[in-house]
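sequence-free structure coming up:
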Ligand code: AMP
């Protein structure tokens, strides 16, 4: 089946205790599309870039089955730029710069061939744009997933609530779940969010793993204990790409399969943090991914 992913394609400057990487390729959509490409060869990408974004990057995604017709290049424009510095705990981070550049005027019009997409990934963007993309999809997709962040919860709550009411899965972190609901206990926050429309909720807890909630079930996948986390940037987007890529490939949206998808998403995220930017994601294969999924299984398996 087909996957549509919308989000930023960007340049990032990232500083962590392991070093500094200047103007490397990043963006939520880039991480998402790369992660998904290990599961499906039909990913339709919707984004906006400036003239400065390397053509080879689009070509690499194209070679991995990414359709880049929906990536609008603005002549003379500059791509979205984000700069962040991680605290020494490698969890907290400060955003030093966010230059919207071409993103400020993003008004996505989906190519006709994208409108029948079965799986929809609405990456972190203004809820307005997410809604515009969703409204251009013909019929009811098999599954739609929404990612957002504290900034939109605070600044565009009404439109965000409208998008939330229309998607099947909301994927946020624990602090965002609390901010969205005013509830501290995640189980209570999850119940409140499921009343807002989505059938499923993913609450990410960074290095501590992620919860998957439905009305009747809860599933938890731990974070894989890693010896070295060099750059956490894009972990959430990579998780989402692995999650939705796996679902697109397996064409099964049951809770049991969503559990497997959450583990595959976690496996992809555990790779991306091992090196700066996209470096680790560019050199994976199915064997490595399956081995890592088995490590998750071993981590939580026990006999009574
Ligand atoms: P994450 O670490 O999951 O928050 O994702 C980081 C990626 O998101 C980076 O590659 C950035 O280019 C991109 N990004 C940072 N801030 C924003 C924003 N406000 N809107 C959309 N994308 C962003």
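Everything's here; your move. Because the structure is predicted, anything quoted here is derived from the model rather than measured.

Now do the residue in the stretch 151-300 of the chain that the ligand sits nearest to, the pLDDT please.
Distance from the ligand to each residue of the stretch 151-300 of the chain (C-beta to the nearest ligand atom) is smallest for residue 236, at 3.4 Å. Yep, even glycine has a C-beta here, placed from its N, CA and C like the rest. What the model reports as pLDDT for residue 236 is 96.

In this structure it contacts residue 204, no?
Yes: with contact defined as C-beta atoms under 8 Å, residue 236 counts as touching residue 204 (6.0 Å).

any shared contact partners between those two?
Common neighbours of residue 236 and residue 204 (criterion: C-beta atoms under 8 Å, 6 or more residues apart in numbering): 171, 173.

Within the helices and strands, which one has the residue of the stretch 151-300 of the chain closest to the ligand?
Using DSSP states H and E, the element containing residue 236 is helix 235-250.

distance between that helix and the chain's centre?
A distance of 7 Å separates the centroid of the chain from that of helix 235-250, by C-alpha atoms, centre = their mean, to the nearest Å.

Which neighbouring elements make contact with it?
Secondary-structure packing of helix 235-250 (3 or more C-beta pairs under 8 Å, 6 or more residues apart in numbering; DSSP states H and E): strand 3-6, helix 28-36, strand 119-122, strand 143-147, strand 169-173, strand 200-204, helix 255-272.

Please compute how far the second one lies from its chain's middle.
Computed by C-alpha atoms, centre = their mean, the chain-centroid distance of helix 28-36 equals 7 Å.

cool, and the fifth one?
Taking C-alpha atoms, centre = their mean, one finds strand 169-173 lying 9 Å from the centre of the chain it belongs to.

What angle do strand 200-204 and the following helix or strand past that strand make with each other?
Sequence-wise, the next helix or strand beyond strand 169-173 is helix 174-181, with elements assigned using DSSP H and E. Angle, helix 174-181 to strand 200-204, by axes from the mean of the first three to the mean of the last three C-alpha atoms, to 10 degrees: 130 degrees.

If you count neighbours, what's buried in helix 174-181?
Neighbour-count burial for helix 174-181, counted by 16 or more other C-beta atoms under 10 Å, picks out 174, 176, 177, 178, 179, 180, 181.

Can you check the pLDDT for the fourth one?
The one in question is residue 178. So, for residue 178, pLDDT stands at 98.

Also residue 4?
On pLDDT, residue 4 comes in at 98.

gap between it and residue 156?
Distance from residue 4 to residue 156, counting by C-beta to C-beta, to the nearest Å: 22 Å.

Grab the nearest non-local neighbour of the residue nearest to the spatial centre of the chain.
By C-alpha atoms, centre = their mean, the chain has its centre lying nearest to residue 237, at 2.5 Å. Closest residue in space to residue 237, ignoring its immediate chain neighbours: residue 31 at 3.8 Å, by C-beta to C-beta, 6 or more residues apart in numbering.

close to the ligand, is stretch 108-119?
No: Stretch 108-119 is not in contact with the ligand by C-beta under 6 Å from any ligand atom; minimum separation 13.7 Å.

any weak-confidence spans in the stretch 201-304 of the chain?
Under the criterion pLDDT under 70, no range of the stretch 201-304 of the chain is flagged.

And for whichever residue of the chain sits closest to the ligand, the neighbour number?
Nearest residue of the chain to the ligand (C-beta to the nearest ligand atom) works out as residue 26 at 2.9 Å. For residue 26, the count of nearby residues is 28 (other C-beta atoms under 10 Å).

I appreciate the help and will end here.
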